[in-house]
Structures are given as C-alpha cells and as structure tokens.
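*Asks:* sequence first, then the predicted structure:
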Amino acid sequence: MDQDQLKQAAARAALEEIREGMLLGIGTGSTVNHFIDLLGRHQPRLAGVVSSSEASTERLRAIHLEPTTLNETGDLDLYIDGADEATRQGHLIKGGGGALTREKIIAAASRRFICIVDESKLRGVLGEFPLPIEVIPMARAYVSRELVKFGGRPEWRSGFITDNGNEILDVHGLDLLNAAEMERRLNQLAGVVTVGLFTRRPADVLLIAGARGVERLEPGKPA
C-alpha cells in the first residue's frame with residue numbers, strides 16, 4: 001500500500017469508533033480529510049461536530065455537516081485527529097497544518113482522543129519533525145531568540161497566518177527525550193500561544209496503519 005492508502009485505512013478504522021448521538025471533535029490534515037470523506041458517505045447521526053480549523057469546517061460543510069462550537073457543546077465524547085509524529089506512549093507532535101492551538105483545546109475538552117496515523121509517523125523519540133510553536137506576531141523575534149537558548153533552530157513559517165491570527169515558528173534540533181518537561185518549559189515563554197507537543201494530553205488510542213493492517217494501541221490502559 002502507498003501512504004495515501006494507509007491513511008485511508010487508518011481513517012476507516014476510526015469510523016468504527018463512531019456511535020450515534022456522539023459529540024465529535026474533528027482535527028485537521030490529510031488523514032483526517034479521508035475520515036471526513038467517510039463520514040460523508042456513511043452519515044452517522046451525531047449530536048454535534050466541532051472542527052479544529054477553517055479548512056476542516058469547509059470540508060464538513062461540503063458533506064452537509066455544520067460544525068458547532070465548544071462553547072455550545074461543552075465537553076466532547078470523542079476527538080479524532082492525525083499527527084506529524086507519534087510514539088507508542090501516545091505522545092505526539094502536531095501542527096504541521098498550523099491548527100495546533102485549536103487541536104489542543106479540543107483534545108483537552110474531549111473524553112477520548114483517537115489519533116490516526118500511518119506507520120511512517122511512529123518514532124521512538126519525538127523530534128525528527130520540526131516542532132511547531134504558535135506565537136503572538138509581536139513576540140516572534142523574542143521567542144526565536146529564547147528558543148536558540150533551548151538548543152533549537154527556529155524557522156519562521158513565512159507568509160502563514162493561523163486561524164487565530166498568529167504566526168508559526170518551526171523549531172529544529174530540540175532535545176525532546178523528556179518531551180513533557182520541554183512542553184511545560186516552552187509554554188511558559190512570553191508570547192507563546194501553544195506548542196505542538198501533546199504530552200500533557202496524549203492520545204488515548206493510536207490507530208496505526210501499516211502493510212499488515214491497522215494496529216490499535218491504548219497507551220494508558222493497564223496491561
């Protein structure tokens with residue numbers, strides 16, 4: 001299978017997690033796009049849908065699902081999203097599509113978070129993919145200087161503005177062996193909106209599509 005077929009397989013596995021009457025959160029990215037397309041074909045009866053980006057909102061409207069907001073729904077039953085990198089412990093790097101802040105909010109507000117990836121996204125340690133950090137525009141240069149002190153090499157995602165009106169720094173070279181501690185420290189920098197590390201709120205379930213099928217992992221579940 002090519003990578004696109006693997007993404008489709010992960011999306012199909014996620015569709016099996018949907019139950020009628022759910023309040024569902026939906027993320028952003030190419031794998032999630034396959035999931036949205038499947039929702040359009042199957043049209044499960046949902047109590048509501050919350051989207052993490054304007055791009056996903058447009059795609060949902062195209063299949064006649066009108067997203068609502070977290071302020072209207074309260075906590076969600078389930079959040080489904082992809083990742084740029086994932087460990088078997090459920091820790092993630094997200095934000096390649098620039099929607100990391102809304103993704104982190106929806107993940108925090110969801111009882112369960114299912115991450116759908118193909119096996120190329122699995123890592124023993126996070127950090128091969130540059131870490132996205134959303135920053136207030138006036139703080140971009142300051143935060144960049146501070147990130148250098150952390151050992152990172154920040155690159156401004158020039159010409160890109162998030163749905164929140166902010167900017168993105170993609171940071172190469174950070175030591176993420178203790179990713180949870182790095183997430184905590186980076187979030188304390190003045191001007192940082194949020195960091196694309198998902199360790200404080202990791203995935204509850206990983207659906208990993210590979211050549212042999214889709215592997216299901218539940219990192220926090222006792223053996």
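*Replies:* Everything's here; your move.

*Asks:* which residues of this structure fall in helices?
*Replies:* Assigned by DSSP state H, the helices in the chain fall at 3-15, 30-42, 54-62, 70-73, 100-108, 140-149, 179-187.

*Asks:* most tightly packed of those?
*Replies:* With neighbours defined as mean count of other Cβ atoms under 10 Å, the helices of the chain peak in mean count at helix 100-108, which reaches a mean of 23. Using the backbone N, CA and C atoms, a C-beta is placed for each residue, glycine as well.

*Asks:* that helix - contacts with which helices or strands?
*Replies:* Other elements packing on helix 100-108 under the criterion 3 or more Cβ pairs under 8 Å, 6 or more residues apart in numbering; DSSP states H and E are strand 76-81, strand 131-135, strand 192-195.

*Asks:* out of the ones you listed, nearest to W156?
*Replies:* With respect to W156, and counting by Cβ to Cβ, the nearest of the helices and strands packed on helix 100-108 is strand 131-135 at 9.3 Å.

*Asks:* so which residues make contact with that closest one?
*Replies:* Residues outside strand 131-135 that contact it (Cβ atoms under 8 Å, 6 or more residues apart in numbering) are 93-96, 98, 100-101, 143, 147, 152, 154, 157, 162, 164, 166-171, 174, 176, 186, 191-197.

*Asks:* would you format the helices of the chain as JSON lines with mean pLDDT and distance to G127 included?
*Replies:* Listed next are the helices of the chain as JSON lines, based on pLDDT from 0 to 100; distance: least, Cβ to Cβ, whole Å:
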{"stretch": "helix 3-15", "mean pLDDT": "93", "distance to G127": "21"}
{"stretch": "helix 30-42", "mean pLDDT": "95", "distance to G127": "21"}
{"stretch": "helix 54-62", "mean pLDDT": "97", "distance to G127": "26"}
{"stretch": "helix 70-73", "mean pLDDT": "95", "distance to G127": "30"}
{"stretch": "helix 100-108", "mean pLDDT": "98", "distance to G127": "16"}
{"stretch": "helix 140-149", "mean pLDDT": "98", "distance to G127": "14"}
{"stretch": "helix 179-187", "mean pLDDT": "97", "distance to G127": "8"}
